[in-house]
Structures are given as C-alpha cells and as structure tokens.
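*Asks:* Quick check, what structure comes out for this input:
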Amino acid sequence: MKKLIFLVGTRPEVIKIAPLLRACRADGQLAALLCTSGQQDTLLKDTLRAYDITPDLSFTVWGDLPHKQGECLLRFGEVLERERPDAVLVHGDTLTAFAGGLAAFYKGIPVFHIEAGLRSGNPFSPFPEEFYRRAVDHLSTLHFSPTSLAAERLLKEGIGRERIYTVGNTAIDGLWEDIDEGFSHPLLTEGKKLVLLTLHRRESLGAKISEMLKGVAAAIEGRADTHLLFPMHPNPALRDAVHATLAHIPTVTLTEPIDTHTFRNLLCRATLALTDSGGVSEEATALGTPTLLLREETERPEGVDVGVLRLVGRKAAPIAAAVTELLDTPRPHTPSSVFGDGKASLYILNAIKEFFS
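*Replies:* Residues are numbered from 1 along each chain as shown. Purely as a prediction, here's the structure:
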C-alpha cells in the first residue's frame, strides 16, 4: 500500500486538508499519515481538536521566518528519513508547505500541491506567501488547482498539462456540512446587521492596519442598526491596533478566534464581511455573502468576477464609503460555485490513485 504524508502547520491547512484526509482513510487504498509542524501552535492544536484529528507525527518550529524555515526543513527531513513515504501532500502557501515540499524534493519524493496556481501578481502581497506558493508549484509533481484560471497560470509558467488537475477547493467540500439551518448563537444580535471582520496578513501590520481600522470605525461608529464582530488573530501587534481603534465602540465585539463551524454559520448570516483572508474569500463566495477585500490585489479574482468579492484596498476613506454603501443598501446573498462543487477531495483522491497505478 502506498504511503502518503499530509503536512500541515496552520489552522487554514487543517480546515482545507481535513476533507481529503478523511476521504483517503475512508477509501482504504492508501495509507494516509498526518504530520504537523506547529507553525501556528495554539491555533493549530485548537483546530485539530475541533475536527477530532490526532496527528500521527509532529515536530515544532520556532523563531522568526528564517529560523522556522530552517527548523521545518530539518525536522521534516528527519520524518521523511524514518517514514519513507511514497508522496508528500502540502497545501497552499504557508512556510510549512514550502519548507516541507522542499525537504521532500531534496529526497526525491513526489510532492502533490493542493491549491496550486494561485497568483496575486505582486511578490510582496501576500508576503511571504506569494513566494512560497510559486516555489512549491515548481518543485511539485502533481498540481491540484481550484479553478481553471489557476490551472492556466501554471501552464503559462511551463508546467505540463498532464501534471495539472482542476478540482475545486477542498475547503468547499466541508463548508456545506457545517452550515446549520437552525443555527443560533449569542453573537447573533436580533434586528441588527452583522458585519464580520477578519485581518491577519503580515504585510497589513503597522500603519496600514491602523488606516484600515480607521475606515471600518468611521463607517460603524454611531450605527445602532449594526453589530461588528471581530474574532482576533493572536498577533499582539494586530491586537494592539484593534483595541486602540475599535474597542471603544459599543456595537463592536472583539473575541478570541472562533471555531470553524461557528464562524461559517456566522459568515452565512452576515450582511457583510470584511477580510484579508483567502479562505474567508472562498467561503464567502460559495455562500454568496457580500465581502470587501481589504487588500490591493487578490489571487482569487474569480470571486470578484462573480460579484461577491470587491477589492477596496487599505485606505480609510474608500473602506468607510464601501462599508456604508453596503449597510445602507444591503445586497442579497448570491452563492457561486466558482471555487468548487464540493467534490474536490474525491477528484484529488482519484488522481493520486491514478498516479500510483
């Protein structure tokens, strides 16, 4: 039986790999092991518990980006020496995906890249993720692209068509299972428009995040008809900026990170979402929730093209204007399947079995 190692290090990777890991284990034709790097230690562990997943293998990385990259490369290399897998699966654009994929490449082990072909066109946005995903694509054997546009990008970069599969996004596989028609929660305030805000990107920190939050505050403050909910990333620099700008507004709730099931159900019911997250962009598009991207560019333009996502940048005035517009005249939810039909894990599993056959 062929052995696969799934390597994850962050909360989004767990969310997106969980459906495929379950599918592999249920199928029974491949031995699927989960290895964790601890890149996001607390968030990673909390998400694994929420999905009732216990890693088969694990190691820990620490320090700044160069130290974490070096540790991940060395520690995962040791795992590969012991386990001798037939392939390694990495997801997306994280430090773990890049260092883990590179470790496997050095040892001549095929790398299968899930969510391949995403590009923002700006090597510094997102930083350093844009570099990571480009590098992983060019050391991978199989590429599982979420959309035809992502697949076309790979072709333009010289990757052979026979190595590219357009499968959809695995996050969508589990999304609809989480949506509960009877969902209720204390954070849902009856009679008020829910605005769901998330921010976490490294390149947004500093003056940029203060500017973005000023725009949000200008639109929200004084609106009795609105409730803004912000599940905050653990980064202290982000939290300091958030508390300085939003904590005084009575209609704002600042919370710790929210479990995936609760977050998805809140997103489904939100009047408006504001985010710099790729995963939230995908889920919001599938749910049809009008969403403002607090970024200058996106590697997921498909969501913009179908009209669910809108790029508003990081300046306070355009953000305030866009939020006010969508609260004064709420748009209906218009779900789109542009990021997948919920069967990406099945398509990937079949492609892997075909590869080994």
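
*Asks:* how about the strands in the stretch 151-300 of the chain?
*Replies:* Ranges of strands within the stretch 151-300 of the chain are 164-166, 193-198, 226-231, 252-255, 272-275, 291-293, based on DSSP state E, counting those that start in this stretch.

*Asks:* which helix is the longest one in this protein?
*Replies:* Secondary structure assigned by DSSP state H gives helix 65-83 as the longest helix of the chain.

*Asks:* List of residues touching the following helix or strand past that one?
*Replies:* Helices and strands here follow DSSP states H and E; after helix 65-83, the next one along the chain is strand 87-91. Outside strand 87-91, the residues within contact range by Cβ atoms under 8 Å, 6 or more residues apart in numbering are 2, 4-8, 13, 16-17, 20, 80, 96-98, 100-101, 104, 109-115, 136, 141, 170, 352, 355. (Each C-beta comes from the backbone N, C-alpha and C, glycine too.)

*Asks:* Can you tell me what sits against the following helix or strand past strand 87-91?
*Replies:* Moving toward the C-terminus from strand 87-91, the next helix or strand (DSSP H and E) is helix 95-106. With Cβ under 8 Å, 6+ apart as the test, helix 95-106 has contacts from 7-10, 13, 37, 39, 61, 65, 68-69, 72-73, 76-77, 80, 88, 90-91, 110-111, 113, 128, 131-133, 135-136, 139-140.

*Asks:* Near the closest residue to residue 280 other than its chain neighbours, how many other residues are there?
*Replies:* Of all residues not flanking residue 280 in the chain, residue 198 sits nearest, at 5.7 Å (Cβ to Cβ, 6 or more residues apart in numbering). Residue 198 has 21 neighbours, counted by other Cβ atoms under 10 Å.

*Asks:* do residue 156 as well
*Replies:* Residue 156: 10 surrounding residues under other Cβ under 10 Å.

*Asks:* any idea how far it lies from residue 93?
*Replies:* Residue 156 is 18 Å from residue 93, where distance means Cβ to Cβ, to the nearest Å.

*Asks:* Over to residue 113?
*Replies:* On the measure of Cβ to Cβ, residue 113 and residue 93 end up 10 Å apart.

*Asks:* again with residue 231
*Replies:* Taking Cβ to Cβ, one finds residue 231 at 21 Å from residue 93.

*Asks:* So between these two, which is more surrounded?
*Replies:* A count of neighbours by other Cβ under 10 Å puts residue 93 above the other of residue 231 and residue 93, at 27 against 18.

*Asks:* Contacts only, for that one.
*Replies:* 115, 118, 126, 129-130, 132-133, 136.

*Asks:* and what of residue 295?
*Replies:* By Cβ under 8 Å, 6+ apart, the contact set of residue 295 is 125, 201, 204, 276, 311, 313-314.

*Asks:* how far is the helix or strand where residue 303 lies from where the chain is centred?
*Replies:* Under the criterion of DSSP H and E, residue 303 resides in helix 301-305. Distance of helix 301-305 from its chain centroid, counting by Cα atoms, centre = their mean, to the nearest Å, is 16 Å.

*Asks:* And stretch 101-113, by the same measure?
*Replies:* On Cα atoms, centre = their mean, the centre of stretch 101-113 falls 22 Å from the chain's centre.

*Asks:* Can you list the buried residues in it?
*Replies:* For stretch 101-113, burial by neighbour count (16 or more other Cβ atoms under 10 Å) applies to 101-105, 109-113.

*Asks:* Look up the closest residue to residue 220, ignoring the ones flanking it.
*Replies:* residue 228 is the one closest to residue 220 (Cβ to Cβ, 6+ apart), at 5.1 Å.

*Asks:* Verify the stated contact: that neighbour with residue 251.
*Replies:* Yes - at 6.3 Å, residue 228 and residue 251 qualify as touching, with contact defined as Cβ atoms under 8 Å.

*Asks:* any shared contact partners between those two?
*Replies:* Shared contacts of residue 228 and residue 251 (Cβ under 8 Å, 6+ apart): residue 220.

*Asks:* Compare those two (neighbour count), which wins?
*Replies:* Counting neighbours by other Cβ under 10 Å for residue 228 and for residue 251 shows that residue 228 has the greater number, 25 against 18.
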